[in-house]
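Novice: Sequence and predicted structure below; questions after.
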Amino acid sequence: MPPVTADVVILGGGLVGMTLAIGLAQAGIASVVVDSSDPAAQTADGFDGRASAISTASWNLYTNLGMGEELAAKGCPIDAIAVTDAMKPGRIDFRPGAADGSLGRMYANRDLRIAMYAAAAREKAITFLPNAHVATRERDEHGVAVTLTDGRVLKGQLLVAAEGRRSPTRDEAGFTPARWDYGHRAIITGLYHEKPHENVAWEVFYPAGPFALLPLLDEADGTHRSALVWTVAEKDAAGVLALPESAFLSEVEKRMHGIFGKIRLASPRSSYPLNFHHTARIVDQRLALVGDAAHGMHPIAGQGLNVGLRDVAALVEVLADGMRLGLDAGDAQLLARYERWRAADTFMVAAATDVLTRLFGIPGRIPSAIRRFGMAGVQRAAPLKRWFMDEARGMSGALPALLRG
């Protein structure tokens with residue numbers, strides 16, 4: 001059979017990889033997307049229960065790619081973020097001014113996937129190959145070739161690894177990211193609760209790990225709802241997951257200090273291990289890394305997906321600019337520009353999440369008092385709070401066009 005050809009071959013059709021394909025298509029760049037999963041399973045009700053905080057910059061990206069109208073009614077605005085050390089006095093409240101809009105929006109990952117697949121289906125420049133597995137990858141000065149296990153061959157000018165934290169393409173290419181395991185696991189579930197969340201996201205730091213409550217839209221009948229991301233030690237995770245529902249809710253209620261009143265489970269519990277990896281190099285000959293393939297960080301600030309979407313916006317702009325000048329998508333100059341553009345941002349975000357995780361994980365009354373003293377100082381320093389909010393919204397630095405409003 002003849003090979004499938006495109007400008008770019010993208011390995012991984014998740015939230016980052018497929019969004020990249022949509023951005024490239026709208027810039028006139030053809031891609032073929034290979035994904036091992038089944039879209040029907042990925043969009044099934046209750047597939048994984050995860051939710052993502054979409055920053056202002058990421059929302060601009062979705063809007064500029066034509067997904068804003070479909071997503072607008074499904075996201076819950078984040079009007080404020082409350083940060084506290086174990087619910088003790090001295091918390092920080094991040095609340096932007098009325099003219100600044102929200103700090104972001106919370107979405108069920110399922111809703112993001114549905115909008116993403118629909119947008120991709122409208123683009124003739126995207127060839128999507130789900131339920132497909134890679135056998136071999138080849139790169140040379142003339143182009144790239146990927147052979148699938150069913151014998152199909154894909155050819156292009158650039159290979160993009162968007163396979164997530166365990167990217168085999170990255171590992172096969174010899175990248176050596178800095179990596180470590182936090183020895184923690186995130187417990188994920190949804191909660192129904194008695195009191196409204198008032199569009200406030202809570203980040204409560206306990207010595208054992210962060211405890212985040214993220215606002216979701218109320219149900220149609222007005223029932224209040226939030227997503228829970230509870231970090232526990234790896235050695236305790238199996239026990240927490242196995243607790244009877246009533247005992248699990250009791251442990252959650254202890255950590256919530258009654259802020260939402262009575263609670264009950266809204267979705268099954270799931271979990272995933274927490275680790276860190278970051279590679280300073282994100283390009284090689286005719287190869288670029290995006291998203292978690294390049295940088296996997298702690299979910300402490302909800303920035304993982306947003307950083308990946310900033311990779312997407314930068315790579316789309318770099319390739320579109322270069323190809324207008326007659327360069328091919330795998331040109332080394334273009335890839336070097338992409339790497340330079342993303343280096344500082346990804347390093348700073350990855351380092352900040354790691355430092356916060358370690359800082360708030362130091363147990364004891366004296367470390368807690370020092371942290372709360374520092375937080376009280378930030379609470380009173382309006383310019384510093386605004387800087388933190390701009391970082392959270394992804395609106396600082398030199399932004400690609402797709403991230404601008």
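Specialist: Arrived safely, thanks for sending. Residues are numbered from 1 along each chain as shown.
Novice: contacts and neighbour counts: CA atoms only from here.
Specialist: Fine.
Novice: Just give me the longest strand of this protein.
Specialist: In the chain, assigned by DSSP state E, the strand with the most residues is strand 178-193.
Novice: contact partners of it?
Specialist: Here strand 178-193 makes contact (Cα atoms under 8 Å, 6 or more residues apart in numbering) with 49-50, 209, 223-234, 237, 241, 260-279.
Novice: Just the strands from the stretch 101-250 of the chain, written as ranges.
Specialist: For the stretch 101-250 of the chain, the strands identified by DSSP state E, counting those that start in this stretch occupy 105-108, 126-129, 134-140, 143-148, 153-156, 158-161, 178-193, 200-206, 209-216, 224-233, in order along the chain.
Novice: okay, the fifth one in CSV with CA atoms only?
Specialist: By that I understand strand 153-156. Output of strand 153-156 as CSV, limited to C-alpha atoms (Å, rounded to 0.1, in the frame of the first residue of the first chain):
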residue,chain,number,x,y,z
VAL,A,153,4.0,3.6,6.5
LEU,A,154,3.8,7.3,7.3
LYS,A,155,6.2,9.9,5.8
GLY,A,156,6.8,13.5,6.6
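Novice: Which strands and helices lie in contact with that strand?
Specialist: Where contact means 3 or more Cα pairs under 8 Å, 6 or more residues apart in numbering; DSSP states H and E, strand 153-156 is packed against strand 4-5, strand 8-11, strand 143-148.
Novice: What strands line up against it, and which way round?
Specialist: Strands adjacent to strand 153-156 in the sheet, as given by DSSP bridges, are strand 4-5 (parallel), strand 143-148 (antiparallel).
Novice: which of those sits most buried?
Specialist: Mean neighbour count (mean count of other Cα atoms under 10 Å) peaks for strand 143-148 among these, with a mean of 20.
Novice: Nearest the geometric middle of this structure, what residue?
Specialist: L305 (1.4 Å; Cα atoms, centre = their mean).
Novice: in which helix or strand would I find it?
Specialist: L305 belongs to helix 304-324 when elements are defined using DSSP states H and E.
Novice: quick one: contacts of that helix?
Specialist: 15-16, 19-20, 23-24, 27-29, 52, 54-55, 58, 61, 290-292, 296-298, 328-329, 334-335, 337-338, 341-342, 346, 394, 400-403.
Novice: Now go through these and say which are in strands.
Specialist: The strands, defined by DSSP E, take in S52, I54, G296 from the contacts of helix 304-324.
Novice: for stretch 262-274, what is the average pLDDT?
Specialist: Mean pLDDT, computed over stretch 262-274, is 92.
Novice: tally of neighbours for G308?
Specialist: Residues contacting G308 under the criterion other Cα atoms under 10 Å number 27.
Novice: ok, it to E203 distance?
Specialist: G308 sits 22 Å away from E203, going by Cα to Cα, to the nearest Å.
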